[in-house]
Each structure stands twice: as structure tokens, then as C-alpha cells.
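In: just coords:
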């Protein structure tokens, strides 16, 4: 009886198999939604943490919030905001360099003529 119920539960789990990619996408969407909520109405430290968690993909939303905290009266908040902005700018610059590299192999590139 126990074996039969275990087998039935295993079969039902196999029948309702969830794709790992879908799970990851749903999880990340939930995390991003939570971070965006913290970014809008959280305390300064929570907003900076949310901006760091969101990364350069959400720079349009996070940069104005981080820039606002550069004038905060608390030195720690100012430092964290500056570090988060710097980190986003560095990651964004690295991504743009990788994105626009030429796809032409070196062997097919024209070589300069020597005189």
C-alpha cells in the first residue's frame, strides 16, 4: 500500500514537471518586483540595496534614486550610493564593450599593405 502511494505520487510529480527555466524566470521576476517596491518606498539603505540587487539592467530606474542619496546627510548612505552608481556604470560599460565587438575573424580582416 505504501509503495503504491509513493509510486502514485512520483508519477504525479513527473506528470506535472515544471521547466527549470520557467521557475528561474518566475523567481527572478518576483525578486525584481520586490526590489522595485523597496526602491520606490524603502528607507535609504533599503533603496540602495534594492538598486544594487537590480543591477545595470534597471539603471534607468535606479540611477535617479541613487543620485538623490548622494546628498544625504548620512555619510554611510552617501558612500553606499556612490559605490552602487560606480558599480552599475562599470558593469554597464563592460557589457557594452562585449556587445559591440566585431564578429569578423582575424583571418578575414584586411591586412595593411607593407611598403
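Out: On my side now, so go ahead. Worth saying up front: this structure is predicted, and the values here are computed from it rather than measured.
In: Please identify the buried residues of the host helix or strand of residue 81?
Out: With secondary structure defined by DSSP states H and E, residue 81 is part of helix 75-99. Within helix 75-99, the residues that qualify as buried are 77, 80, 81, 84, 85, 88, counting by 16 or more other CB atoms under 10 Å. C-beta: built from backbone N, CA, C; applies to glycine.
In: and the next element down the chain from the least confident helix or strand in the chain by mean pLDDT?
Out: With mean pLDDT, DSSP states H and E as the measure, the helix or strand of the chain carrying the lowest mean pLDDT is helix 2-15 (a mean of 51). Downstream of helix 2-15, the next assigned helix or strand under DSSP H and E is helix 20-41.
In: any idea of the mean pLDDT for stretch 77-96?
Out: Throughout stretch 77-96, pLDDT has a mean value of 83.
In: Stretch 68-77: end-to-end distance?
Out: 10 Å (CA to CA, to the nearest Å).
In: who touches it?
Out: Identification of contacts with stretch 68-77 by CB atoms under 8 Å, 6 or more residues apart in numbering yields 44, 45, 47, 48, 78, 80, 81, 82, 85.
In: Quick one: neighbours of residue 51, just the number.
Out: 28 (other CB atoms under 10 Å).
In: Any figure for the gap between it and residue 30?
Out: 18 Å (CB to CB, to the nearest Å).
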